[in-house]
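1. the sequence isn't on hand, but the structure is:
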């Protein structure tokens with residue numbers, strides 16, 4: 001398995017989905033690669049957490 005370069009669907013920046021991250025996703029049973037970069041994932045998670053309060 002090699003590192004993958006993916007384009008974030010929110011900001012359009014490229015990010016690397018490393019071999020280690022791919023293994024982690026596989027262990028967790030995730031079937032799809034991420035579609036957002038780590039920064040956008042953090043922002044989205046923070047927005048979801050704030051809307052629940």
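-> Nice, thanks for sending it over. If you're wondering where the values come from, they're calculated on a predicted model, not measured in any experiment. Residues are numbered from 1 along each chain as shown.
2. now do the strands in the protein.
-> 4-7, 14-17 (DSSP state E).
3. same for the last one, what does it pack against?
-> If I follow you right, that is strand 14-17. strand 4-7 (3 or more C-beta pairs under 8 Å, 6 or more residues apart in numbering; DSSP states H and E). Every residue, glycine included, has its C-beta placed from N, CA and C.
4. what is the rounded mean pLDDT of the strand it packs on?
-> For strand 4-7, mean pLDDT rounds to 98.
5. check which helices and strands that strand sits against.
-> If you count contacts as 3+ C-beta pairs under 8 Å, 6+ apart, strand 4-7 packs onto strand 14-17.
6. parallel or antiparallel, list what pairs with the strand it packs on.
-> Take DSSP bridges as the rule and strand 14-17 pairs in its sheet with strand 4-7 (antiparallel).
7. returning to that earlier point: deepest-packed of the strands of the chain, please.
-> Sort the strands of the chain by mean neighbour count, taking mean count of other C-beta atoms under 10 Å, and strand 14-17 sits at the top with a mean of 14.
8. mind giving me TSV with the strands of the chain and columns for distance to residue 29?
-> Formatted as TSV, the strands of the chain follow (distance: least, C-beta to C-beta, whole Å):
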stretch	distance to residue 29
strand 4-7	19
strand 14-17	17
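9. okay, now residue 39: neighbour count?
-> When neighbours are defined as other C-beta atoms under 10 Å, residue 39 has 13 of them.
10. got phi/psi on the closest residue to it other than its chain neighbours?
-> Excluding the flanking residues, the one nearest residue 39 by C-beta to C-beta, 6 or more residues apart in numbering is residue 11, at 7.4 Å. Residue 11 adopts backbone torsions of phi -100, psi -10, taken as degrees, to the nearest 10.
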